[in-house]
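This is a predicted model, with the sequence first.
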Amino acid sequence: MERETTNTFLIFINWLIPFLLLTLASSGHSAAVIDSDAALARLLESGALGPVMEDPKGHRVQVLYAPLSRDASGTVSIKKFRYRVDKNEYFYPASTVKLPLAALALEHLGTLLGADRTAVLLTGAAHPEQSAVSYDAFGDGALPTVARYIEKIALVSDNDAYNRLYEWLGPEAVEARMAALGHEGVRIRHRLSVSLTPEAMQRLNPVRLLAPGPRQWTWGPRQARPLPPGPALPLGQGEELEGQLIPGPKAFDEKNAFPLEAQLAFLQSLYFPETVPPTQRLALPEKDRRWFLERFGQLAPRSGYETYAALPEGYVKFLAFGGRAPTLPEDLVIFNKVGDAYGFLTDVAYFVERSTQTEFLLAATVYVNANGIFNDDRYEYETLGFPFLEALGQQLLEDARRRPRERLAPMDFERLIPWPP
């Protein structure tokens, strides 16, 4: 008992000192903070973010920055600042579509009486291009549960985990639910990292869901209804397919789409449902919602899965850390989802710094494909894309720290955040 009391006291002191220092400093702090779209543009175009910003249009840069503040009771208010955010300027969302699919899978479980996230999801195969899932889906004896698939998406952005949830829910249901939630321009049309025709993408595997107990549900092979293609927005100069260069722009009208505004709005609805209209909130029990949110702040090497132990802590943390930092500050938690493919890098994130009670949402995308050829694996991720997102995250972290705001008692603040396990 004495040891627990001592540890609690030390934790409180470690929180209190920076809290008091920042509170005292804030009264005389006069540094300008971003207070308009123009101010955000000045920062981005100041030269501090590297050569990407020499041609933001060519790199299809879009940034949506939303600093948070809380009043004395902890109630959140959010301001949003935009740079080149345009739902009509297409970018390939890559793995960022996994976040809504994972959340909608958890929500769908709530419609099945007796099912929860520990339900086992078994996938069959009804066509030659389809693959089945055995009980040992992960090579470690673990059952393929909905929870484990969500964890794999959160920790390492696993493609197969996404594909299995896609095959269970179906693209029609996902698009319809996203539209009902008010997210415009979202298209979910295909699995990831598998090459199939649009017709084959619409053929859904048979699925069986086993709840903890005697209950189970079965979905047979299904053919999703063809959905209308998106706008014809051809990009690039060509594409490599099976070792052959196919000249001419690549059409993305049958590809997934997830506009930046929708990405940040969806993340906001998950972490701050009280700030969006009731019609935009997912039907998730609070216990499930917090479990889900915690997973997207967890670091892969700290997750307890031996397979991920050697990964850097900054893995799948593009903003502020470039996806490669060996360690992240203990004081900083980033709840996020990234995507990278075809030369597009995207990250949507909620940042929380404990000691300073700094919070903000940030979504950004950048395109780095100088030769305009898709699928040739010659993208400037390391030289241009990751450094840009790292510098952007660090600059806006500094801006968010400087913003005047209420500070809560440390323990009160701690209770408001869904900290990762």
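That came through, no problem.

C-alpha from now on. contacts and neighbour counts both.
Will do.

Helices of the protein, start to end?
Assigned by DSSP state H, the helices in the chain fall at 2-26, 37-44, 98-109, 146-156, 159-169, 171-180, 198-201, 260-271, 286-295, 386-402, 410-416.

hey, least reliable of those by pLDDT?
Least confident of the helices of the chain, judged by mean pLDDT, is helix 2-26 with a mean of 40.

pretty sure Ala391 is in contact with Leu49, am I right?
Yes - contact criterion CA atoms under 8 Å: Ala391 and Leu49 qualify, at 5.6 Å.

re earlier: so which of the helices of the chain comes closest to Leu227?
Leu227 sits nearest to helix 171-180 of all these, at 7.6 Å, using CA to CA.

in the closest one, what counts as buried?
Neighbour-count burial for helix 171-180, with 16 or more other CA atoms under 10 Å as criterion, is recorded at 171-172, 174-175, 178.

Reformat those into a markdown table and put distance to Tyr92 next to each item.
Formatted as a markdown table, these follow (distance: CA to CA, whole Å):
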| residue | distance to Tyr92 |
| --- | --- |
| Pro171 | 17 |
| Glu172 | 19 |
| Val174 | 18 |
| Glu175 | 16 |
| Met178 | 18 |
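
so how far is Glu353 from Arg407?
With distances taken as CA to CA, to the nearest Å, Arg407 is found 12 Å from Glu353.

Could I get the phi/psi values of Ala283?
phi -90, psi 80 (degrees, to the nearest 10).

ok, it - how many residues close by?
Residues near Ala283, counting by other CA atoms under 10 Å, number 16.

quick one: contacts for the residue positioned nearest the centre of the chain?
By CA atoms, centre = their mean, the chain has its centre lying nearest to Lys337, at 1.9 Å. For Lys337, the contact set (CA atoms under 8 Å, 6 or more residues apart in numbering) comprises 95-96, 98-99, 154, 157, 296, 316-317, 347-349.

how far away is the nearest residue to Leu311 once chain neighbours are set aside from Val156?
In space, Leu311 comes closest to Pro301 once its chain neighbours are excluded; the distance is 5.7 Å by CA to CA, 6 or more residues apart in numbering. From Pro301 across to Val156, the span is 10 Å (CA to CA).

again with Lys87
Distance from Lys87 to Val156, by CA to CA: 27 Å.

ditto for Gly50
28 Å.

same thing with Thr75?
Thr75 sits at a distance of 32 Å from Val156 (criterion: CA to CA).

Not counting sequence-adjacent ones, nearest residue to Gln298?
Setting aside the residues directly before and after it, Gln298 is nearest to Pro420 in space (CA to CA, 6+ apart), at 5.0 Å.

I'd guessed that neighbour sits against Phe292; true?
No - under the criterion of CA under 8 Å, Pro420 makes no contact with Phe292, lying 9.6 Å away.

Okay, and the beta partners of the closest residue to Phe91 other than its chain neighbours?
Counting by CA to CA, 6+ apart, Phe91 lies nearest to Phe344, which is 6.8 Å off, once chain neighbours are set aside. Per DSSP bridges, the residues bridged to Phe344 are Ala341, Tyr367.
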